[in-house]
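Participant: Got a sequence here, can you model it:
(one chain, ligands or ions: 1)
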Amino acid sequence: MTVLDHRHLAAPVPGWRPDATGPRTDPAPLLPDESPHRVLGTPAAEKADPELLAELYRRLVVGRRYNQQATTLTKQGRLAVYPASTGQEACQVAAALALRQDDWLFPSYRDTLAVVSRGVDPLEALTLLRGNAHTGYDPKATRTAPLCTPLATQAPHAVGLAYAAQLRGEDTVALALLGDGGTSEGDFHEALNFAAVLNAPVVFLVQNNGYAISVPLTRQSAAPTLAHKAVGYGMPGRLVDGNDAVAVHAVLTEAVERARSGGGPTLVEALTYRIEAHTNADDATRYRQDEEIAAWREHDPILLMERHLRGTGQLDDRLAQAATEEAEALAARMRAEFHTDPELDPMSLFAHVYAEPTQQLAEQAAQLTAELDAEEQAR
Ligand SMILES: Cc1ncc(C[n+]2csc(CCOP(=O)(O)OP(=O)(O)O)c2C)c(N)n1
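Facilitator: Below you'll find the predicted structure:
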């Protein structure tokens, strides 16, 4: 028998899967969409809910301004780092809107806008990136996990929370946001495997923006699409146009509802593009051509939405003006708040590290106290 001879597997070993009596007949197809699911620009857009469209539009416009203002604040040295989601706003606002208030969001460092769109105060959402405190918002009160910098570690956290909710008999759903690079991490594989085996009510949204810092997707994965990865774990995979806010919202809503009603996890791959560099510390001209960026600007999420709304008479100058004014008011608030340095207690560095401080930590705290006292006396 060669390794390619699988005849010995023809009759499934009893119990290899709980219901292993024949081929899977799940209503949700395991294989992902053949081409990215789109709504805007297709006949399906005519059926879209006008209120949802207006809400998505407003959030896209405000979100773009938020991204721009935060990026400007890094240039002025008022914000330490900002991984902008400019160009990816459709994924961000759709992710937040697909969840119920009592669901949980598990964001990565690039998902500040999803956090804001979920209702977290826009300035509190930037506290961590300003370097002032861990998290900056109350994860439990907002049902939004801290922005996660180690790649993909938020994915097993999301599965754990979703599974715990299921054990408690709650119908909470967890949504984990990842980048394409995050799918190369062990945590991603472990999370998807556990999610499928436990039938956990969790959705994974991979925002495939083409690059993991400077590494293109072709150097990360040989799979036809990232959505195909779902098949191996035994969950549905969906491929969606990540710049089409209505399409992302529809696919996520369907996945969230399936999870809520006991249908298990889904992996969604959203094809999108980050217009800015990885962060303000990155020089994207080293690895990207201007033509590539220009092509994606033609497929901008706000442009797609505006084109549809104007074309169907659902957007007039008054509505557009109202969104712009809201965006400018937010930007003004960000500038005013970041203009002054907050009063911080340096000793808070040592709080919340361990329940019982270690001897080394206590020594460091004592050393800092002495230095601060000496500084005070020298004034
Ligand atoms: C576990 C881990 N390894 C490496 C890094 C360094 N790192 C920071 S961002 C990044 C690229 C991530 O790319 P992607 O997941 O595509 O997200 P994007 O930044 O494009 O949104 C890497 C490798 C990290 N933060 N965590």
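
Participant: And the helices in the stretch 101-250 of the chain?
Facilitator: Under the criterion DSSP state H, counting those that start in this stretch, helices of the stretch 101-250 of the chain are mapped to 112-117, 127-130, 139-142, 154-168, 186-198, 229-233, 245-260.

Participant: quick one: is the second one near the ligand?
Facilitator: No - shown here: helix 127-130 not in contact with the ligand (Cβ under 6 Å from any ligand atom), separated by at least 13.5 Å. Glycine gets a C-beta too; all of them are placed from N, C-alpha and C.

Participant: Would you pull up how far that helix lies from the middle of the chain?
Facilitator: Taking the mean C-alpha point of helix 127-130 and that of its whole chain, the gap between them comes to 17 Å (Cα atoms, centre = their mean, to the nearest Å).

Participant: neighbours of the residue in the stretch 201-350 of the chain that the ligand sits nearest to, just the number please.
Facilitator: Closest residue of the stretch 201-350 of the chain to the ligand, Cβ to the nearest ligand atom: Ala212 (3.3 Å). Each residue near Ala212 was counted by other Cβ atoms under 10 Å, and the total is 18.

Participant: quick one, what contacts it?
Facilitator: Contacts here follow Cβ atoms under 8 Å, 6 or more residues apart in numbering; on that basis Ala212 touches Gly179, Asp180, Gly181, Gly182, Ser184, Gln220.

Participant: re the thing from before, so of the helices of the stretch 101-250 of the chain, which one's packed in deepest?
Facilitator: Burial among those, expressed as mean neighbours by mean count of other Cβ atoms under 10 Å, is greatest for helix 112-117, which shows a mean of 27.

Participant: quick one: low-confidence parts of the stretch 1-150 of the chain?
Facilitator: Per-residue confidence for the stretch 1-150 of the chain (pLDDT under 70) gives these ranges: 1-29.

Participant: for this protein, what's the longest helix?
Facilitator: Taking DSSP state H as the assignment, the helix of the chain that covers the most residues is helix 50-75.

Participant: helices and strands around that one, which ones?
Facilitator: Judged by 3 or more Cβ pairs under 8 Å, 6 or more residues apart in numbering; DSSP states H and E, the packing partners of helix 50-75 are helix 89-97, helix 112-117, helix 245-260, helix 301-311, helix 317-339.

Participant: hmm, who's touching the shortest one?
Facilitator: Meaning helix 112-117. So helix 112-117 is in contact with 59, 63, 66-67, 70, 82-83, 85, 89, 91-93, 95-97, 105, 107, 122, 125-126, 129, 137, 142, 144, 147, 177, going by Cβ under 8 Å, 6+ apart.

Participant: repeat for the last one
Facilitator: Helix 317-339 has contacts (Cβ under 8 Å, 6+ apart) with 54, 57-58, 61-62, 64-66, 68-70, 73, 78-79, 122-123, 126, 130, 306.

Participant: what about the helix or strand that that helix is followed by, average pLDDT?
Facilitator: Proceeding C-terminally, helix 317-339 gives way to helix 359-378 as the next helix or strand, assigned by DSSP states H and E. The predicted model gives helix 359-378 an average pLDDT of 95.
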